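Student: Sequence isn't available, so here's the structure alone:
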């Protein structure tokens, strides 16, 4: 099956280096300390952050830094058929761990000792690139919650099909069986906090795909920063006249 | 990462999942953009595009809709149809309706740049989407279609297509195109879906500059001048309207007297059956010997199982054709039948893939022929008989097939194969009958066709048809039956207006379909090939049957050639290494070859070492990546060499002049240079690779080079004695080097196998073959071959080291061990000990033990070994099937040559793979120069384009598969063509040939004729069960009139007298016999070879035996000069000295003297002949002046055979007759010379042959029988009244 047409268009009309449409909304849930709703193409993700608050289990509190706790779940209606997903299944545990580790690298945990930060990410609709969308949503939610961070964590997925590196795979391209690389990046410092790949790639191709993914991350980071600024500006207006 | 898409849409699509049988909704997002190029050259709206395909000069651009693409795909594939725009929505719809296998053909319609057609993604173009809203009819119009464009493409099969009238999307796109191109070029929409209601739309579009036409309107308006297009359109049109009409004049193929074919099961029922296991899918193979019997080898996930399902009779076969992928259902056990013709032993037949694959080296037809020897030739129903029978359903089948699945066929029935040993079958072989003693095999019926093997078939009309219909010239549509050349395909019904045009011609037929109520499939004529019997037309038919295109080069490709006169540009000389002056270069090729692609050179260094260079024509400089020339060469894949013609891969200008390294000219080349130490000799260090300029000083032929190497005088070499001496020195070094290299390979296990190539010398006027030449192997052949192998191997290693995942190598897999069973038997029969096939080294050592035997036997054994080998193939090292190249290079070992890395590099003029390897090497050098620091230090001028031009792994894999397939097709057609010429030659030049028995069967023998490298069956029992004794020129054959029986015992076939039980004659494995080769065949099919045994007393045998004895003597007593690989090599040396050196018994010396005398007389006669010919007074014998048709020739041949049976008496009579003419004309005619010589030789040889035979019969065990034989012999001698020279 041809994933890239001879003139360089993919199945959904994008070019290999184009990202899907990115829509973000902040502060969607007012009960939570911070929340964000992110859409990457058809993948819709909702992230909420509670914290920093007191550690719920005393034994687990760390004396010098904050404890970050993450939970990932997929709604039963998120994929094509409704499927019941048990809470502790292997995939969601793995993804929770992955998101926690990548966020922990960015949060300035030493500023908030003996506290806990909870991140809950829920996938409402999955269409490829859920991992990346979750991390992006979590970043925005953390920013909304006011948790101090080194930098935004931007994440993007890339793959290699029909001899071309492709950026931001959707579900159809993902299930083609080619390699799928997810990268989470601190864009200013260009530091990678997450690098995951399945399937295999020769080394020279890997470099090309990684480079592409990192470029995608930077583009997404720019977009997220823009969204954050917009949101802040709106907040400022709402809260009262401000001279900017 | 600026995203340039402009808008986003979410569209809902439905998806049908086969496994769960569920329909699910998909929400797909589509991004609309405004930067999709239109594809037209010089776009008035200024589209930014590189190399747009649609030509500026085209009169119109065509936009077909989905139905038009399906219907007229063949016309769209014609090269004249250029400037077609394929829309993404149209292609998507077509792909849904068409099966998987046709997809590459469809894709090539727009991806092949020579067609100047483009692919336009209208689903993602912003403008067309916007315009579609204008064109979508409003829902309140009841007559128009209300369904939107099938972008929400239903992938399920349950929902029927919903098109009425012209599709809105296409209208919109066409209108947009017209606007975008500012009405510069006419846009034509091709659609047969027009209804009256769409008239308004047509008018509207006409105003915007778009014409909407139906098929016939379009082709008649725009292609009136091109008859090929019009004819094809007519043919397709006819075949499409066929189902609806029925002509009254249809003679045979009407609805028969009774039932019709059972209907196919619907797709879901087949899938149910597949998941249950009651239905299996496999390739439908028709038996060549019995075309009404077929077998299906069900495949399981792409791997063929070892068991076969037998499908006899047309009803059970249910309209399946050879090569189709069919769904089969097993019948209940009591309905199983047994085949008339045995099947080959399951273990020998190669495992076929699920899709029809090429013939493996162990050709299935050979296996089938062997199997037929087991069971006896069958009274097979040919298509003629089927014709009289009409439709299936009456009488011929006793068992009826029930429609419901019987309860016994649940699950996977245990399929036991009863084909192992059929030795129990006696000769009786009548059509059906449960009294058959053969074993019943699993029998099944065809319930559906998964994929038709669509192929072109060459066919002709039946003779009686032509006679009756040929007279009607009315132009009325007639229905006729075409007989395909391939016996496995049934007749094809054609409807044509011009029957007269087809009479006596071979034409190409394409099958369109097969309805339930017709006896034969219907099809249409694609084109004419040529008259039946015309040699050129016959060879072209062979090409078509093997799938080789013979069109000339397109003008676009020819325009890319550099202008003549061409000389090397100065910038190239400075950019390359100049080897013109310090390397002495010479090329060695077959005499008369014009495309010289390799040159060898030596340069002696002052320190005593030498530089040895192999220089190959630099084709990649002239043929740029993805140019039209490149695409054409890639499509051809290789040069096809037929006996009389050659279909070049590159145009003549390149192949014979600019690329070819002709003598005396400066040329561009790609070189491999080794530093060689002459003591050894051995290669020092790593080879140097790079682009060079060379000057080929001496363009030599093989015999000339051999002469120089031997130190003999060769006047054609320029430069005189000193030059010749230097050349000899060079050649000696090369010979020594090649010997060393070969020795190394042999130690590693290289195999020396028989190469099968016959060359024909054809008569200039008629093209008929005059002489058969077997390839002569000189020492220099080996030298050149070994150096080429070394160059190929060095280049392979180099490109693999730089591109481990995308290099094109050549891989030879080790053979399957069970393919050596036959060779094992032969080894045992000769007492050569066990055959070790564990590794190539072991096999080579086992084969070496055969060197002690007779040369003929050696060749036979090596030929059998060659047939067990697997095929060497091009592979892309990064491909998934080769382990992705990541687990090391063990997957690319070349078994036959015993090399770790091998590729094709040395013949870019005639092989496309070599051109690709050249490009990869150049690219590797650019990279390597920076990494390794050892490669060329000369800057690469064409670096960028070459690097960009390297294909990625999946594309390379595709190209490698394509090249493999082209190579196979070319080999097959070469083999077929040489067989055709051989048969033609044989009828003119019959003689007895020596053959070796390679296997023994109840009904006959399989023999191998080493002179022509043929393997064929000899039937000792014919269809009626009567014994066929060897011919000896007399009536009853060699075995006399006694009542005899034929029986196979172990490894020999014995003919014994029924009454006395004594063995008259026996044929054992590896025994040498004399055979006669004949051509036989019908008008519609290709002639086939028939082999008949000859008795030793046959006159032709006697003549041949004498000639052989002479040749044997020469080879034994002649000497050979120079080190030649053992067992082979030229025969040279003075005979006189050799004879003098032999101090053997007087008998031998006397024989030698006699031979010499005979030789001299023969030579004298020959001189006379030649003198007479030179005098030009010869009437050219009885040869007809006009072009002989193959079939006339066969007829006359049959007459000749009868004539041959006359003995010497007749010959002398004839001679007497001819002598009178001679006296009258006063000159020796050709005829008389021939007869005279024959008589003379016969008389001379008769005595010796007889003496030998008597001696051999004396060696037989039974003395009583021998005495009787001797008495008979004496009686026969007396009857013939020939005076023997020596009294016996």
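Tutor: Now that the structure is in, tell me what you want to look at. These figures come from a predicted structure and were not determined experimentally.

Student: Please make it C-alpha for all contacts and neighbour counts, starting now.
Tutor: Will do.

Student: Below-threshold pLDDT in the stretch 701-850 of chain B: ranges please.
Tutor: B:754-757, B:764-767 (pLDDT under 70).

Student: Which residues of it lie near chain A?
Tutor: Contact residues (CA under 8 Å from any CA of the partner chain) of the stretch 701-850 of chain B with chain A: residue B:805.

Student: Which single residue in the stretch 701-850 of chain B comes nearest to chain A?
Tutor: residue B:805 (7.8 Å; CA to the nearest CA).

Student: where's that residue, which helix or strand?
Tutor: Residue B:805 belongs to no helix or strand when assigned by DSSP states H and E.

Student: cool, residue B:91 as well?
Tutor: Secondary structure from DSSP H and E places residue B:91 in helix B:88-97.

Student: elements contacting the helix or strand just after that helix?
Tutor: Once helix B:88-97 ends, the next helix or strand along the chain (criterion: DSSP H and E) is helix B:103-111. Applying 3 or more CA pairs under 8 Å, 6 or more residues apart in numbering or on different chains; DSSP states H and E, we find helix B:103-111 packed against strand B:118-120.

Student: Can you point out the buried residues in the strand it packs on?
Tutor: Buried residues in strand B:118-120, counted by 16 or more other CA atoms under 10 Å in any protein chain shown: B:118-120.

Student: likewise stretch B:576-594?
Tutor: For stretch B:576-594, by 16+ other CA under 10 Å, it's B:576-580, B:583-589.

Student: just stretch B:740-747 next, same as before
Tutor: Residues of stretch B:740-747 classed as buried: B:740-742, B:745-746 (neighbour count, 16+ other CA under 10 Å).

Student: next one: stretch B:985-1000
Tutor: Buried, per 16+ other CA under 10 Å, within stretch B:985-1000: B:985-988, B:990-1000.

Student: Out of those residues, name the ones that lie in helices.
Tutor: Judged by DSSP state H, the buried residues of stretch B:985-1000 include B:985-988 as members of helices.

Student: Same list, the residues you listed, but as CSV with pLDDT and distance to chain A please.
Tutor: Formatted as CSV, those follow (pLDDT from 0 to 100; distance: CA to the nearest CA, whole Å):
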residue, pLDDT, distance to chain A
B:985, 78, 51
B:986, 76, 52
B:987, 72, 54
B:988, 70, 56
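
Student: Show me which of these is closest to residue B:1065.
Tutor: residue B:986 (28.0 Å; CA to CA).

Student: From residue B:916, how far out is the closest one?
Tutor: To residue B:916, residue B:986 is 42 Å away according to CA to CA, to the nearest Å.

Student: circling back to that earlier point, distance to residue B:336 and pLDDT for the buried residues of strand B:118-120 - can I get that in JSON lines?
Tutor: Shown next, in JSON lines, are those (distance: CA to CA, whole Å; pLDDT from 0 to 100):
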{"residue": "B:118", "distance to residue B:336": "54", "pLDDT": "89"}
{"residue": "B:119", "distance to residue B:336": "53", "pLDDT": "89"}
{"residue": "B:120", "distance to residue B:336": "55", "pLDDT": "89"}
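
Student: out of these, who's nearest residue B:711?
Tutor: For these, the nearest to residue B:711 is residue B:118 (63.1 Å; CA to CA).

Student: give the contact list for the closest one.
Tutor: Going by CA atoms under 8 Å, 6 or more residues apart in numbering or on different chains, residue B:118 touches B:39, B:53-54, B:83-86, B:110-111.

Student: change it to 6 Å
Tutor: B:85, B:110 (CA atoms under 6 Å, 6 or more residues apart in numbering or on different chains).

Student: for the one 10 residues further on, same thing?
Tutor: Residues in contact with residue B:128 (CA under 6 Å, 6+ apart) are B:172-173.

Student: Tell me how many other residues surround the residue of chain B found nearest chain A.
Tutor: Closest approach of chain B to chain A (CA to the nearest CA) occurs at residue B:30, with a separation of 4.6 Å. For residue B:30, the tally of surrounding residues (other CA atoms under 10 Å in any protein chain shown) stands at 21.

Student: per-residue confidence for the closest residue to it other than its chain neighbours?
Tutor: Here the nearest residue to residue B:30 in space, its sequence neighbours aside, is residue A:12; by CA to CA, 6 or more residues apart in numbering or on different chains that works out to 4.6 Å. We note a pLDDT of 90 for residue A:12 in this prediction.

Student: right, and residue A:12 touches residue B:32 too?
Tutor: No - using CA atoms under 6 Å, residue A:12 makes no contact with residue B:32, being 8.7 Å away.

Student: The two: which has the busier surroundings?
Tutor: residue B:32 (24 against 20).

Student: Secondary structure element holding residue B:1239?
Tutor: Per DSSP H and E, residue B:1239 falls inside helix B:1230-1258.
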